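K.L.:
mind folding the following:
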Amino acid sequence: MFSNLVNKASKFAMEGVKNLVVKQYKLPVTKILDNLMESRSSPETDDYRYFDPKLLRPADSTRLIENNTNAARNRQSFSDAIVFMIGGGNYIEYQNLQDYAKTRSTMATKRVVYGCTELVNASQFLEHLAKLDR
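P.N.:
Predicted coordinates:
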């Protein structure tokens, strides 16, 4: 009986400790950015187009754009990114991207710039959704 009580107490304590440990969550924008910057293939990013201005020339640009898409995927990972949200952006996405850049900086320096047309908080976001419902 005493061992059963100790068992339950230790399980309860471990669950409490697990809840205190901060988990690293990746928001969808961070997952997409990670796949793009590390040149990983995923269903979310397979249809993304890559344009390298160093490879583009004004003449015969259509053929180069098609070839450029495949050439950029074969490159090494990217170190700089600009994420721009059309519509509402928020501090949580910004912080998540900055945390991603810091954790990836141990391997190679990653720099992420975040921008948006409008920075909204939770209540403003809900107001935007309510307007869409009308």
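
K.L.:
ranges for the strands of the protein?
P.N.:
Ranges of strands within the chain are 80-89, 111-119, based on DSSP state E.

K.L.:
tell me which of the ones you listed lies nearest to Asp99.
P.N.:
Distance to Asp99, taken as CB to CB, is lowest for strand 111-119 among the strands of the chain, at 10.0 Å. Heads up, the C-betas are built off the backbone N, CA and C, glycines and all.

K.L.:
now the angle between strand 80-89 and that closest one, please.
P.N.:
Using axes from the mean of the first three to the mean of the last three CA atoms, to 10 degrees, the direction of strand 111-119 lies 20 degrees away from that of strand 80-89.

K.L.:
in the protein, which helix or strand is least confident?
P.N.:
Sorting the helices and strands of the chain by mean pLDDT, DSSP states H and E puts helix 61-73 at the bottom, at a mean of 51.

K.L.:
where does the protein dip in pLDDT?
P.N.:
In the predicted model, the chain carries pLDDT under 70 at residues 1-2, 5-6, 9-10, 12-24, 52, 54-76, 105-107.

K.L.:
re the thing from before, turn the strands of the chain into a markdown table, including distance to Arg49.
P.N.:
Shown next, in a markdown table, are those (distance: least, CB to CB, whole Å):
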| stretch | distance to Arg49 |
| --- | --- |
| strand 80-89 | 15 |
| strand 111-119 | 20 |
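
K.L.:
and those as a markdown table, adding mean neighbour count and distance to Asp34?
P.N.:
A markdown table is the format used below for those (neighbours: other CB atoms under 10 Å; distance: least, CB to CB, whole Å):
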| stretch | mean neighbour count | distance to Asp34 |
| --- | --- | --- |
| strand 80-89 | 13 | 10 |
| strand 111-119 | 14 | 10 |
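
K.L.:
of all those, which lies closest to Ser39?
P.N.:
Proximity to Ser39 (CB to CB) singles out strand 80-89 among those, at 12.3 Å.

K.L.:
would you put the C-alpha positions of the closest one in CSV?
P.N.:
Below are the C-alpha coordinates for strand 80-89, written out as CSV (Å, rounded to 0.1, in the frame of the first residue of the first chain):
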residue,chain,number,x,y,z
ASP,A,80,18.9,35.1,-44.4
ALA,A,81,15.1,35.3,-44.7
ILE,A,82,12.4,37.9,-45.0
VAL,A,83,9.0,36.9,-43.8
PHE,A,84,6.2,39.3,-44.7
MET,A,85,2.6,38.6,-43.9
ILE,A,86,-0.1,40.2,-46.0
GLY,A,87,-2.7,41.1,-43.5
GLY,A,88,-2.5,40.7,-39.7
GLY,A,89,0.8,39.7,-38.2
